[in-house]
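J.: sequence and computational prediction follow.
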Amino acid sequence: MTATITRLDEIVSALGPEDRRRFDRLFDFAVCEARVLPPPAMEAWIAKAFPYLAPTREGVLGAIGRQRIVHVMNRATGQATLFNAVRAQRPIEAKADTDLEREIEAARAKCSFCRPLEQTPANTFGRIGQAKTCANVAAYDGYHGLVIFEDHSPLRFRTDAFRPEEVADLLATSRAWADRAHAEDPAARYFFLMWNCLWKAGASILHGHAQMTVGRKFHYGKVERLRRDALGYHRQVGADYFADLVAIHESLGLAARWGGVAALAHLAPAKERELVLVADRFDSPDLAPAVWRALRAFAALDVKSYNMAVYMPPLGGPDPDWRGFPCLVLLVDRGDLSAKTADVGAMEFYASAVVSSDPFQVAAALKAQP
Ligand SMILES: [Zn+2]
């Protein structure tokens with residue numbers, strides 16, 4: 001049997017007693033069936049819209065008529081995701097998007113990031129590596145900068161020219177920028193690195209770039225929330241939250257091990273194909289190659305637009321409040337660039353995420369990386 005998220009009940013039942021105990025203390029799930037009764041006039045449309053569900057028209061109608069839903073809950077953090085088999089079974093067809101490539105090329109002529117010294121502002125402490133960084137012209141926080149990639153095209157990660165050294169350079173440049181901010185203002189300790197790739201992910205400029213901020217007084221809300229939830233989990237069950245998160249994904253077959261970094265196909269993803277990389281620290285030499293592999297796995301899954309975020313303890317030496325908090329890299333697919341609708345709605349903002357992709361299929365792409 002191929003493992004699929006809609007068979008999570010059977011997969012969890014097959015776990016050994018220790019793995020099962022660990023799973024149950026962090027995760028919960030509910031399985032149900034949605035009954036859908038289409039009128040005969042809809043049948044032809046359904047068979048055309050969901051051709052991958054079954055080879056026969058009766059098969060398609062049967063699959064639509066009874067849809068298996070799995071609702072997964074992380075009991076420590078409250079992150080929850082609804083998976084639906086009808087959506088999840090859509091096949092992946094990696095295809096080039098010539099219109100998108102044309103649009104990216106057309107933006108080159110007027111691209112300010114291709115001329116950063118004339119067309120981008122600097123931070124108070126200058127730039128890292130001559131022209132590699134700039135300040136955000138409309139800042140989110142007191143310190144807000146960008147790493148401008150050498151290549152104009154944000155789709156470079158989908159090409160064979162993309163190298164792990166480029167990711168290492170991004171991480172080192174962003175860290176050097178954050179250290180400069182922290183040196184200028186020692187109260188600025190909360191470094192956050194993010195990468196919005198293309199407009200579906202919130203990028204307003206096409207040219208490949210990452211962004212970083214350094215906050216004061218407390219970490220960004222979601223990072224602080226996770227710190228508190230992990231502490232609460234440890235207090236309640238006596239186990240390390242992050243070690244359990246990794247071990248559970250490993251026991252379910254949802255993880256790959258890349259040197260010192262665990263790569264997880266997240267069981268409670270925020271949206272499509274979410275990956276979580278867990279490293280012991282930001283300057284781990286295994287982190288850059290792991291991020292590179294994760295992006296290559298995204299390319300294999302035909303992802304074009306994505307968000308990446310890095311969670312880590314504050315700058316400036318060990319802080320007892322953050323003891324045991326690792327470095328996490330989160331990556332999520334933001335969907336079809338040609339779709340007019342947003343990929344998130346009220347469900348994602350205020351209830352549980354609704355996800356079409358199957359973490360077991362995502363895990364297969366992670367494991368296929370060399
Ligand atoms: Zn450019």
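T.: Done, it's in. Numbers count the residues shown, from 1 in each chain.
J.: quick check: residues of the protein near the ion?
T.: Cys111, Phe113, Cys114, His152, His207 (Cβ under 5 Å from the ion). (Glycine included, C-beta is placed from N, CA and C.)
J.: of those, buried ones?
T.: When those are checked for burial by 16 or more other Cβ atoms under 10 Å, the buried set is Cys111, Phe113, His152, His207.
J.: just give me the closest of the residues you listed to Ile248.
T.: Nearest to Ile248 among these is His207, at 38.9 Å by Cβ to Cβ.
J.: what residues are up against the closest one?
T.: His207 makes contacts with Ala107, Cys111, Ser112, Phe113, Cys114, Ile148, Phe149, His152, Pro154, as judged by Cβ atoms under 8 Å, 6 or more residues apart in numbering.
J.: hmm, try it at 7 Å
T.: Cys111, Phe113, Cys114, Ile148, His152 (Cβ atoms under 7 Å, 6 or more residues apart in numbering).
J.: near Leu37, how many other residues are there?
T.: A total of 7 residues lie near Leu37 under the criterion other Cβ atoms under 10 Å.
J.: same question for Ala138.
T.: Ala138: 7 neighbours (other Cβ under 10 Å).
J.: so what's the gap between stretch 26-44 and the chain middle?
T.: Its chain's C-alpha centre and that of stretch 26-44 lie 27 Å apart, by Cα atoms, centre = their mean, to the nearest Å.
J.: could you tell me the end-to-end distance of that stretch?
T.: Stretch 26-44 has an end-to-end distance of 44 Å (Cα to Cα, to the nearest Å).
J.: please identify the buried residues of it?
T.: Buried residues in stretch 26-44, counting neighbours by 16+ other Cβ under 10 Å, are found at Leu26, Phe27, Phe29.
J.: equivalent analysis for stretch 326-336, please.
T.: Per 16+ other Cβ under 10 Å, stretch 326-336 contains these buried residues: Pro326, Cys327, Leu328, Val329, Leu330, Leu331, Val332, Asp333, Arg334, Gly335.
J.: do a quick rundown of the strands in this protein.
T.: Remark: strands assigned in the chain by DSSP state E are 27-35, 66-74, 80-84, 133-135, 143-148, 188-197, 209-216, 255-258, 261-265, 275-279, 306-311, 327-333, 353-355.
J.: mean pLDDT added to those, as TSV?
T.: Conversion of these to TSV gives the following (pLDDT from 0 to 100):
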stretch	mean pLDDT
strand 27-35	96
strand 66-74	95
strand 80-84	96
strand 133-135	95
strand 143-148	97
strand 188-197	98
strand 209-216	98
strand 255-258	98
strand 261-265	98
strand 275-279	98
strand 306-311	98
strand 327-333	98
strand 353-355	96
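J.: let's have those strands in TSV, adding distance to Gln119.
T.: Output for those, formatted as TSV (distance: least, Cβ to Cβ, whole Å):
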stretch	distance to Gln119
strand 27-35	48
strand 66-74	43
strand 80-84	41
strand 133-135	9
strand 143-148	10
strand 188-197	19
strand 209-216	13
strand 255-258	37
strand 261-265	36
strand 275-279	33
strand 306-311	25
strand 327-333	29
strand 353-355	38
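J.: and of these, who's closest to Leu287?
T.: Within the strands of the chain, the stretch nearest Leu287 is strand 275-279; the backing value is 4.8 Å (Cβ to Cβ).
J.: rewinding a little: of the buried residues of stretch 326-336, closest to the ion?
T.: Arg334 (20.6 Å; Cβ to the ion).
J.: contact partners for that closest one?
T.: Taking Cβ under 7 Å, 6+ apart, we find Arg334 in contact with Lys200, Ala201, Ser305, Tyr306, Asn307, Asp343.
J.: pLDDT at the closest residue to the last one other than its chain neighbours, what is it?
T.: What sits nearest to Asp343 in space, not counting adjacent residues and going by Cβ to Cβ, 6 or more residues apart in numbering, is Gly335, at 4.1 Å. In the predicted model, Gly335 carries a pLDDT score of 91.
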